[in-house]
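Trainee: Following is a predicted model, sequence given first.
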Amino acid sequence: MGDVDPEVDARAAWREALGVAAATSAYGVSFGALAVASGLDVWQTCVLSLLMFTGGSQFAFVGVVAAGGVAAAPSAIASAALLGVRNVAYGMRMSPVIGRGFARRLAAAQFTIDESTAVSLARRTPRARTIGFWVTGIGIYVGWNLSTLAGALLGDVLGDPRAYGLDAAAAAAFLALLWPRLRARQPIAVGVVAAVVATILTPALMPGLPVLVAAIVAVVVGWTNWLGRGGTAPDEPEDVPEREGLP
């Protein structure tokens, strides 16, 4: 863990978690408005956010429904499920951070999303990683559901929510988390190759598949370490020991 001060790292985790939660929650307004415009009512829209709670899957679902109506529901569910598969991989990686205990892991399952995983793994000390996961996950869950309700109720007033650029705010938060880790050629290569693959495949494949294919390509590039031999990779943070009573 080197000379990282646990208290400084914990405070940084709080700042990052709250910042990412605020940026991502704001994007829920867009989902609420688009869902209602796609034919869902306010309650159906809110239930989607309460139970599904994974932005990519939710947008894929309402996108397919908007294109094909109720008859497209099976395709919408399939697309949303494909995008949700990535959360299984997140769960395996976050298992040592979350710790043991059925109740703890059951609660963590709802909050294991892109943002909570990214914020947690960006920290260097066990306590900071735990703070990053829970504060980000819970903060986004509360904020996302509130903003979903607001977007569903005010959709007609807001007009086209995409015009506000809220999707860019979420992407910017991710880039801010990723940037400090791009200090060697290999991480840069993984990110660039995955992004190129996803961009090329998006027009050709159903929603969800480009993300999965890009993830597989990223694993292959990262595992083979094609460009990492000449670079200095950042230190990998230690995982939280799997024991009860973690703060």
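Mentor: Received, thanks.

Trainee: rest of the way, CA atoms for contacts and neighbours
Mentor: Fine.

Trainee: Next secondary structure element downstream of the least confident helix or strand in the chain by mean pLDDT?
Mentor: Lowest on mean pLDDT, DSSP states H and E among the helices and strands of the chain sits helix 166-178, with a mean of 58. Using DSSP states H and E, the next helix or strand after helix 166-178 towards the C-terminus is helix 185-201.

Trainee: May I see the buried residues of that next one?
Mentor: 185, 186, 187, 189, 190, 191, 193, 194, 195, 197, 198, 201 (16 or more other CA atoms under 10 Å).

Trainee: Could you list the low-pLDDT ranges of this structure?
Mentor: Scanning the chain with the threshold set as pLDDT under 70 gives 1-2, 64-85, 156-184, 206-209, 211-212, 219, 221-247.

Trainee: let's see it at 80
Mentor: Scanning the chain for pLDDT under 80 picks out the ranges 1-4, 38, 55-89, 155-195, 198, 202-247.

Trainee: ok, back up a step: would CSV of the buried residues of helix 185-201 with distance to residue 34 be doable?
Mentor: Shown next, in CSV, are the buried residues of helix 185-201 (distance: CA to CA, whole Å):
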residue, distance to residue 34
185, 39
186, 38
187, 35
189, 35
190, 33
191, 29
193, 31
194, 28
195, 25
197, 27
198, 23
201, 24
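
Trainee: Which one of those is nearest to residue 7?
Mentor: Distance ranking of the buried residues of helix 185-201 against residue 7, using CA to CA, places residue 187 first at 27.7 Å.

Trainee: And the helices in this protein?
Mentor: 6-37, 42-51, 55-68, 73-84, 86-98, 102-111, 114-122, 126-158, 166-178, 185-201, 209-224 (DSSP state H).

Trainee: is it true that residue 34 touches residue 60?
Mentor: No. Applying CA atoms under 8 Å as the test, residue 34 and residue 60 come out as separate, 11.1 Å apart.

Trainee: Find residues that contact each of those two.
Mentor: In terms of CA atoms under 8 Å, 6 or more residues apart in numbering, residue 34 and residue 60 are not both contacted by any residue.

Trainee: Hmm, residue 111 and residue 138 touching each other?
Mentor: Yes. Using CA under 8 Å, residue 138 is in contact with residue 111, at 6.5 Å.

Trainee: From the neighbour counts alone, determine which of these two ranks first.
Mentor: Between residue 138 and residue 111, residue 111 has the larger neighbour count (other CA atoms under 10 Å), namely 25 against 18.
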